[in-house]
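Q: here is a sequence with its predicted model. Questions after.
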Amino acid sequence: MTEPAWVAGVVVIPLVGALIAVLAGRRAAPIAVVTAVGAAVAAAALVRQIARDGVVEHAVGGWAAPLGIALRADGLSALFVAAVAVVGTAAIVYALAHPGTPHRFHAAWLLGWAGLAALAVSADAFNLYVALELLTLAGATLVALASEAAALRAALRYILLALAGSLAYLFGVVLLYAAHATLELSALGAAVTPGPVTAVAIAAMVAGLALKSALFPLHGWLPPAYAGAPAASAVVLAGLLGKASFLVLVRLWFEVVPPSLRPDAGLLLGVLGAAGALWGAVLALRQTRLRRLLAYSSVGQLGYLFLVFPLGTGPALAGAVYLVLAHAAAKAALFMAAGSIERACGSDELGALRGLAPRMPLTFLTIGLAGLTLMGLPPSGGFVAKWLLLGASLETGQWWWAIVLVVGGFLAAAYVFRVLRLAFLPAAGAAAIARAPRGAELPALALALVSLGLGLAAAPPLALLGAGP
Amino acid sequence: MSAWQLYALSGLAWFGVGMWGLFAHAHWVRKILAVNVAGSGLFLVLAALARRATTPAPDPVPHALVLTGIVVGISATALALSVARRLAEVEATARLDEDATHEPAAPPAGADARAGGDAAPPPAGGGAPP
């Protein structure tokens, strides 16, 4: 165990960058680029450190917990921080090239970056609350950057439901602190005993985090927010911010929740996750706009993640975390592609896609490659994730989850091919389209290739995940 | 029942009232207020817990949490209110546009000019009734 002060850099660099970007106003773009490079270097250093030495701990400013802020980074933290750095940097490159990105995007996204990093390296329940609230603020701002009434309504719903979720979570934290006088996750895990207080506290925290993760049937706020936000905002919302609450839930579940409470509650979360996986995919099939289709696809993919709760640690946890990574890259790539298409055609109506593939070959290559992860087909990262989840469900004798995974994959194939089929049909007329800038198409393709690469080279990330509980 | 328990229980009641209000009310500002009521209830519980210790000095950890929580709550409230105001502005101009096309005489001169400016690109139907 080591204590390097630069661990805090993964949080402090984007946070300072966000403040400077606010002050810089319209000239925020170069600051965002410099900050992204700095934060990405810090993330790479953290990954390297954890791969070599295992868990890293650091007390910020030398103040020990409980009054100080204790940071703790394990393999899961390293992987998530790395995903944030890769997708986040690509999103900034995309934002620079995509015409019409609001200049305030950079400050809001850097704040979100800081919140995601803080969440990844937090070791106590209250720090996690602060990180979740930073993400509420950043996420709602990212949605509210759009100026249409529908997007503003979606942003308000986003804030209020996220606040309600955070308050439910904080309510549980307060109860646990009242009972056990500690906030540290590992100490809480050692102290909790099954009983009414623990049950109410855990139920409130899980319900709050499930609402924030858009678990079925609490997913209604997500599609209008993702579909109404500016293109670059939707990229980081769908790619990264949407998974944050799930990671908190994973930490809570495997470090704090008493094992005797896990089977029943886990089954409930698994059933809701499975229902969300299928319902999200069915609704994605019925959408008439590309971005709403992708948003409902996110509801479905987030549903699979909740299968980890009935399936337990080991391969299932590895599979869920791997799906977070693969889906982060793939869905960010898809929302970039959708933004480029919307820009080129003036609309993201699916009807406007007819005959578009030959005119935007890079964008549709991106959709095809990233679509492999949504479908869970080899050799994508989504395939590795689903393979691990499938193996876990058969190994533990819970074959019904395997059916959900397979059926969900077919439904995903149906909506991905619906988009691709339209694009390869002959064009109805010679509608004029604006050219998508290369700078917007290339980061999308790069992320789609990352989601594919996660399938081709799965061993190093999975080994890193083993570098800590 | 000791004093801190009374405060803690009232805090819980406040939290319940706030959460109920969040889902019961339709108006955005009422919802935002309800979230604040719920948050204040939780802070009251935390402040009461600080007094639970038998030592003469109260437990400092809940105080630190309440202070952090208040900062977070104020930021979120400010953001929610500013978005709500922008929404009201956007919806008001949208309604003004409708008024301008349906009853051109109604709005006063200043509002009329503003609405006309906002509605400048689309109103093909307004000027040419059959």
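A: Received it, and whenever you're ready, just let me know what you need.
Q: for residue A:246, which non-adjacent residue is spatially closest?
A: Nearest non-adjacent residue to residue A:246, counting by Cβ to Cβ, 6 or more residues apart in numbering or on different chains: residue A:213, 4.8 Å away. Where you see a C-beta, it was placed from the backbone N, CA and C, and this is true even at glycine.
Q: thought that neighbour was touching residue A:245?
A: Yes: the pair residue A:213 / residue A:245 is scored as a contact, 4.4 Å apart, by Cβ atoms under 8 Å.
Q: could you pull out the helices in chain B for me?
A: In chain B, the segments counted as helices under DSSP state H are B:3-24, B:28-50, B:60-102, B:109-118, B:124-127.
Q: so for residue A:450, which of those sits nearest?
A: Of all the helices of chain B, helix B:60-102 sits nearest to residue A:450, with 32.2 Å by Cβ to Cβ.
Q: do the closest one and chain A meet?
A: Yes: using Cβ under 8 Å from any Cβ of the partner chain, helix B:60-102 reaches chain A at B:60-62, B:64-65, B:68-69, B:72, B:75-76, B:79-80, B:83-84, B:86-87, B:90-91, B:94.
Q: re earlier: now the helices of chain B in CSV, with mean pLDDT and mean neighbour count?
A: As requested, the helices of chain B are exported to CSV (pLDDT from 0 to 100; neighbours: other Cβ atoms under 10 Å in any protein chain shown):
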stretch, mean pLDDT, mean neighbour count
helix B:3-24, 91, 16
helix B:28-50, 90, 21
helix B:60-102, 80, 16
helix B:109-118, 40, 13
helix B:124-127, 37, 9
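Q: out of those, flag the one nearest residue A:281.
A: Nearest of the helices of chain B to residue A:281, taken as Cβ to Cβ: helix B:3-24 at 28.2 Å.
Q: send the alpha carbons of the closest one over as PDB?
A: What follows is helix B:3-24, C-alpha atoms only, in PDB (Å, rounded to 0.1, in the frame of the first residue of the first chain):
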ATOM      1  CA  ALA B   3     -34.200  16.100  23.200                       C
ATOM      2  CA  TRP B   4     -32.000  14.800  20.400                       C
ATOM      3  CA  GLN B   5     -34.500  12.000  19.700                       C
ATOM      4  CA  LEU B   6     -37.300  14.500  19.400                       C
ATOM      5  CA  TYR B   7     -35.300  16.600  17.000                       C
ATOM      6  CA  ALA B   8     -34.300  13.500  15.000                       C
ATOM      7  CA  LEU B   9     -37.900  12.300  14.700                       C
ATOM      8  CA  SER B  10     -39.100  15.700  13.600                       C
ATOM      9  CA  GLY B  11     -36.300  15.800  11.100                       C
ATOM     10  CA  LEU B  12     -37.500  12.400   9.800                       C
ATOM     11  CA  ALA B  13     -41.100  13.800   9.600                       C
ATOM     12  CA  TRP B  14     -39.800  16.800   7.600                       C
ATOM     13  CA  PHE B  15     -38.000  14.500   5.200                       C
ATOM     14  CA  GLY B  16     -41.200  12.500   4.700                       C
ATOM     15  CA  VAL B  17     -43.200  15.600   4.000                       C
ATOM     16  CA  GLY B  18     -40.600  16.900   1.600                       C
ATOM     17  CA  MET B  19     -40.400  13.700  -0.400                       C
ATOM     18  CA  TRP B  20     -44.200  13.500  -0.500                       C
ATOM     19  CA  GLY B  21     -44.400  17.100  -1.700                       C
ATOM     20  CA  LEU B  22     -41.900  16.400  -4.500                       C
ATOM     21  CA  PHE B  23     -44.200  13.800  -6.100                       C
ATOM     22  CA  ALA B  24     -47.500  15.300  -5.100                       C
END
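Q: that helix close to chain A?
A: Yes: with Cβ under 8 Å from any Cβ as the criterion, chain A is reached by helix B:3-24 at B:8, B:15, B:18, B:19, B:22.
Q: let me know whether residue B:69 touches residue B:38 as I believe.
A: No: using Cβ under 8 Å, residue B:69 is not in contact with residue B:38; the gap is 11.5 Å.
Q: list the buried ones in the helix or strand where residue A:418 lies?
A: Here residue A:418 sits within helix A:399-424, counting by DSSP states H and E. By neighbour count on 16 or more other Cβ atoms under 10 Å in any protein chain shown, the buried set for helix A:399-424 is A:401-402, A:404-405, A:408-409, A:411-413, A:415-416, A:418-419, A:422-423.
Q: helix or strand right after that helix?
A: helix A:438-456.
Q: which helices and strands sit right next to that following helix?
A: helix A:75-97, helix A:315-345, helix A:361-375, helix A:381-395 (3 or more Cβ pairs under 8 Å, 6 or more residues apart in numbering or on different chains; DSSP states H and E).
Q: residue A:462 is nearest to which of these?
A: Comparing the helices and strands packed on helix A:438-456 by Cβ to Cβ, helix A:315-345 comes nearest, at 5.8 Å.
Q: for chain B, see how far away residue A:173 is.
A: Computed as Cβ to the nearest Cβ, to the nearest Å, the residue A:173 to chain B distance reads 8 Å.
Q: and that residue, what does it touch?
A: Listed by Cβ atoms under 8 Å, 6 or more residues apart in numbering or on different chains, the contact set of residue A:173 reads A:125, A:126, A:129, A:183, A:201, A:205.
Q: ok, and which of these reach chain B?
A: Near chain B, judged by Cβ under 8 Å from any Cβ, the entries from those are A:126, A:129, A:183.
Q: surely the second one touches residue A:169?
A: What that stands for is residue A:129. Yes: using Cβ under 8 Å, residue A:129 is in contact with residue A:169, at 6.2 Å.
Q: nearest to residue A:345, out of the helices of chain B?
A: With Cβ to Cβ as the yardstick, what comes closest out of the helices of chain B is helix B:124-127 (23.0 Å).
Q: residues in contact with the spatially closest residue to residue A:325 that is not a sequence neighbour?
A: Nearest residue to residue A:325, sequence neighbours excluded (Cβ to Cβ, 6+ apart): residue A:83, at 5.2 Å. Going by Cβ under 8 Å, 6+ apart, residue A:83 touches A:240, A:324, A:325, A:328, A:329.
Q: swap in 10 Å and give it another go.
A: By Cβ atoms under 10 Å, 6 or more residues apart in numbering or on different chains, residue A:83 lies in contact with A:43, A:116, A:120, A:239-240, A:243, A:321, A:324-329, A:332, A:450, A:454, A:461.
Q: picking up where we left off before, export the helices and strands packed on helix A:438-456 to CSV and tack on mean pLDDT and distance to residue A:7?
A: Putting the helices and strands packed on helix A:438-456 into CSV (pLDDT from 0 to 100; distance: least, Cβ to Cβ, whole Å) gives the following:
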stretch, mean pLDDT, distance to residue A:7
helix A:75-97, 95, 9
helix A:315-345, 94, 20
helix A:361-375, 94, 30
helix A:381-395, 93, 27
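Q: ranking the ones you listed by burial, who's on top?
A: Comparing these by mean neighbour count (mean count of other Cβ atoms under 10 Å in any protein chain shown), helix A:315-345 ranks first with a mean of 27.
Q: which stretches of chain A have low pLDDT?
A: Along chain A, the parts satisfying pLDDT under 70 run over A:1-5, A:65-67, A:428-432, A:467-469.
Q: ok, back up a step: correct me, but the residue nearest to residue A:246 touches residue A:309?
A: No: look at residue A:213 against residue A:309 with Cβ atoms under 10 Å: they stay out of range, at 11.7 Å.
Q: now list whatever residues contact both of the two.
A: Shared contacts of residue A:213 and residue A:309 (Cβ under 10 Å, 6+ apart): A:249, A:273.
Q: now the residue in the stretch 201-350 of chain A positioned nearest to chain B: closest residue in space, sequence neighbours ignored.
A: Per Cβ to the nearest Cβ, residue A:204 is where the stretch 201-350 of chain A lies closest to chain B, at 10.1 Å. Nearest residue to residue A:204, sequence neighbours excluded (Cβ to Cβ, 6+ apart): residue A:172, at 4.1 Å.
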